[in-house]
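Asker: Below are the sequence and a predicted model for it; my questions follow.
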Amino acid sequence: MTPSAATEAEPLIPVVRARTVYIETFGCQMNLADTEVVLARLGEAGYRRVAEVEQASLVLYNTCAVRDHAEAKVRGRLGALKGLKRRRPELKIGIMGCMAQREKEQLLAAYPHVDLVVGTDQFVRMPQLLDQLEDQGRLAATSFGDFEDRMWSATRSSGVNAWVPIMRGCNYNCTYCVVPFTRGREKSRAPAQIEDEVRRLVDEGFAQVTLLGQTVDSYGKTLGDGTTLAALLRRVHAIDGLKRLRFVTSHPKDITDELLDTMAALPKVAKHLHVPAQCGSDRILRLMGRRYSRADYLDMVRRARARMPEIELLTDIIVGFPRETDEDFAQTVALMEEVRFAGAYVFMYSQRPDTPAANLPDDVPVEVKKARCNHLLDLQLVHQGQAYAPLTGRVLQVLVEGPSKSDEAMLHGRSLGNLNIVFPRVDAAGTGRDDLIGQLVDVRIARSTSLTLFGDVVA
Ligand code: SF4
């Protein structure tokens, strides 16, 4: 039978090589970094990554539990795999990440075709867990364990930016958030180990590293020796060949003057903070357990801009938290008007089981949540348009990341403030410019939309 003669009743079963893994990552940069670690451990065990589920002997979903929507996507993927598992019973299907940590054995009960559930402190043992599967059948490994060095070393595909986790977990207990349950208590990584890794990455050709933590600016507290993020930035910044250094995500309470002074003094450190405000109303901030007030947040913005007038601030906002009134929402609008963020991720509140906020009634109707969300997204676009327009004619230093996703004829990169900038992929003489990928170039801005700045390279 020729391949084209296959019918639905007789599906084609591609030849699958043993030890091939398909992995899909949901959620935050921390999950992307965990995926790189698990690929490194699997690579040591002889696994090769493949691009299609059908080519894999092992399918892994690295999941997110922050919003119901993220979990629903994974449930959809799992449902779609039932047929493949029926046709290829030897296929192993695993779930890792925050949803795995949150639901544990329940996932095995709900999805009989899933073989393995692996928690956020256990994924480093993936090859051993797969061996265990051979003997004991399906299993869930979700205990919080010792902090292993292997949690850090990762396999990265080549590129311009490398994510470098410098801590795990979170010691805050924001009432809406599952992270304290799914990732455990905060633990910082030794600075010497981070420095060694960044040196290796620079030797491999990475131009930028982004230091990662759930509350990255509280880095060092658990080391107990006075180490701070500022001290780590100074250490990593000194590495020859590193072109740019970023860090995410910040908690407003941990942004010290020492950190801001250090950012201002170090030229390779991006003048950019991703620092979620979540809300502009003190009443709701208290219900969220965020541990700062609106005034504290504005003071942090003032301190940052006093030292770095061109710093770009990115925020996260949750609308429709329980008991959020029109007046509370108006305070969030006013905060956005006052700060004028360079970017904002706006989310509708999603009640998560077992969080303290789940004890509050989810009492803002979904239409109201949607309207508030759209209002803030529209406002943010207006602010971005107004902020970008005056940049026309300015020359900005850009780290070139690669071809633009929306237009192959353009290259795109990021300014020191992390603004998205695109310019032609060939110069006026018709010569290609792909050799600029990974380089810092000066770009003169010619025009802008509310999302992107357009320009050309200054000779
Ligand atoms: S700071 Fe709050 S929102 Fe952020 S990870 Fe920790 S508990 Fe969650």
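Answerer: It's in.
Asker: Give me the average confidence score over stretch 198-215.
Answerer: Along stretch 198-215, the predicted local confidence has a mean pLDDT of 95.
Asker: That one: end-to-end distance?
Answerer: Distance between the boundary residues of stretch 198-215 (Cα to Cα, to the nearest Å) amounts to 20 Å.
Asker: can you tell if that stretch touches the ligand?
Answerer: Yes: judged by Cβ under 6 Å from any ligand atom, stretch 198-215 comes into contact with the ligand at 214-215. Just so you know, the C-beta spots here come from the backbone N, C-alpha and C atoms, and that holds for glycine as well.
Asker: again, but for stretch 67-80
Answerer: No: under the criterion of Cβ under 6 Å from any ligand atom, the ligand is not reached by stretch 67-80; the shortest gap measures 12.0 Å.
Asker: Numbering from 8 from now on, please.
Answerer: Sure, I'll start counting at 8 from here, so that last one is stretch 74-87.
Asker: Could you check how far that stretch is from the centre of its chain?
Answerer: The gap between the average C-alpha position of stretch 74-87 and the chain average comes to 18 Å, counting by Cα atoms, centre = their mean, to the nearest Å.
Asker: Where do the helices of the stretch 158-307 of the chain begin and end?
Answerer: Assigned by DSSP state H, counting those that start in this stretch, the helices in the stretch 158-307 of the chain fall at 186-190, 198-211, 236-244, 264-272, 289-295, 301-314.
Asker: what residues does the stretch 108-257 of the chain put near the ligand?
Answerer: Selection of the stretch 108-257 of the chain residues close to the ligand by Cβ under 6 Å from any ligand atom yields 177, 179-181, 184, 186-187, 221-222.
Asker: can you rerun that using 8 Å?
Answerer: 177-181, 183-187, 190, 221-222, 256 (Cβ under 8 Å from any ligand atom).
Asker: Mind checking which of those are buried?
Answerer: Burial by neighbour count, 16 or more other Cβ atoms under 10 Å: within these this picks out 177, 179, 181, 183-187, 190, 221-222, 256.
Asker: On the pLDDT front, check the residue lying closest to residue 346 once chain neighbours are set aside for me.
Answerer: With sequence-adjacent residues excluded and distances taken as Cβ to Cβ, 6 or more residues apart in numbering, residue 346 is closest to residue 308, at 5.4 Å. Residue-level confidence at residue 308 comes out at 98, pLDDT.
Asker: Can you tell me how far residue 308 is from residue 138?
Answerer: Distance of residue 308 to residue 138, computed by Cβ to Cβ, to the nearest Å: 52 Å.
Asker: neighbour-wise, which of the two wins?
Answerer: Comparing residue 308 with residue 138 by neighbour count (other Cβ atoms under 10 Å), the higher total belongs to residue 308, at 22 against 12.
Asker: Is it correct that that one is in contact with residue 319?
Answerer: No: taking contact to mean Cβ atoms under 8 Å, the distance of 11.6 Å between residue 308 and residue 319 leaves them out of contact.
Asker: before we move on, back to that, which of the buried ones among the residues of the stretch 108-257 of the chain next to the ligand sits closest to residue 427?
Answerer: Top of the list for closeness to residue 427, among these and by Cβ to Cβ, is residue 256 at 18.6 Å.
Asker: excluding its backbone neighbours, what's nearest the closest one?
Answerer: Using Cβ to Cβ, 6+ apart and skipping the chain neighbours, the partner closest in space to residue 256 is residue 281 (5.0 Å).
Asker: One more: residue 53?
Answerer: Across the structure, with Cβ to Cβ, 6+ apart as the measure, the residue nearest residue 53 apart from its sequence neighbours is residue 26 (4.9 Å).
Asker: List the contacts of that neighbour.
Answerer: By Cβ atoms under 8 Å, 6 or more residues apart in numbering, the residues touching residue 26 are 52-55, 64-65.
Asker: what's the pLDDT at the closest residue in space to residue 235 that isn't next to it in sequence?
Answerer: Spatially, and ignoring its direct neighbours in sequence, residue 235 is nearest to residue 227 (4.9 Å; Cβ to Cβ, 6+ apart). Predicted confidence (pLDDT) at residue 227: the value is 96.
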